[in-house]
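In: Sequence first, predicted coordinates after that:
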Amino acid sequence: MPFPQQRRRHRLIWLVSSIGLYIVGAIVGAALQNVWLGLLLATIVSLVWLIAVESRKGGNVGLDDPDRGVEL
């Protein structure tokens, strides 16, 4: 488990990156003439990215162990 300062840094990086994704999503949405669609896509990408990063930190990347009831 990372130190609280490292955890705070990781969350800050994720937050700043998510804001950047929302900006890019708004631009893509404007190009597609539907800003809400762009923001929805940015939200989905941000959440998937958060899950992937947390999974990698927890050592669960590519986990395929039916005995433990987990299969990705």
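Out: Nice, thanks for sending it over. Numbering: from 1, shown residues only.
In: what helix or strand does the residue nearest to the spatial centre of the chain sit in?
Out: By Cα atoms, centre = their mean, the chain has its centre lying nearest to Trp49, at 2.3 Å. If you go by DSSP states H and E, Trp49 is part of helix 35-58.
In: I'd like to know which elements that helix is packed against.
Out: helix 4-31 (3 or more Cβ pairs under 8 Å, 6 or more residues apart in numbering; DSSP states H and E). C-beta coordinates here come from the backbone N, C-alpha and C atoms, glycine included.
In: now the helix it packs on against helix 35-58, angle please.
Out: Using axes from the mean of the first three to the mean of the last three Cα atoms, to 10 degrees, the direction of helix 4-31 lies 150 degrees away from that of helix 35-58.
In: Buried residues of helix 4-31, list them for me.
Out: Buried residues in helix 4-31, counting neighbours by 16 or more other Cβ atoms under 10 Å, are found at 18, 21-22, 25, 28-29.
In: ok, so what distance separates Arg11 from Val35?
Out: From Arg11 over to Val35 the distance is 27 Å, taken as Cβ to Cβ, to the nearest Å.
In: what do you get for Ser17?
Out: 20 Å.
In: just for the chain, where's the confidence low?
Out: The chain contains residues with pLDDT under 70 at 1-3, 55-72.
In: and if we set it to 90?
Out: For the chain, applying pLDDT under 90 flags the ranges 1-26, 28-29, 32, 35, 38-72.
In: Work out the gap between stretch 33-48 and the centre of the chain.
Out: The chain centre lies 12 Å from the centre of stretch 33-48; the measure is Cα atoms, centre = their mean, to the nearest Å.
In: and it, which residues are buried?
Out: Those would be 38-39, 41-42, 46, for stretch 33-48 by 16+ other Cβ under 10 Å.
In: Perfect, I'm done here.
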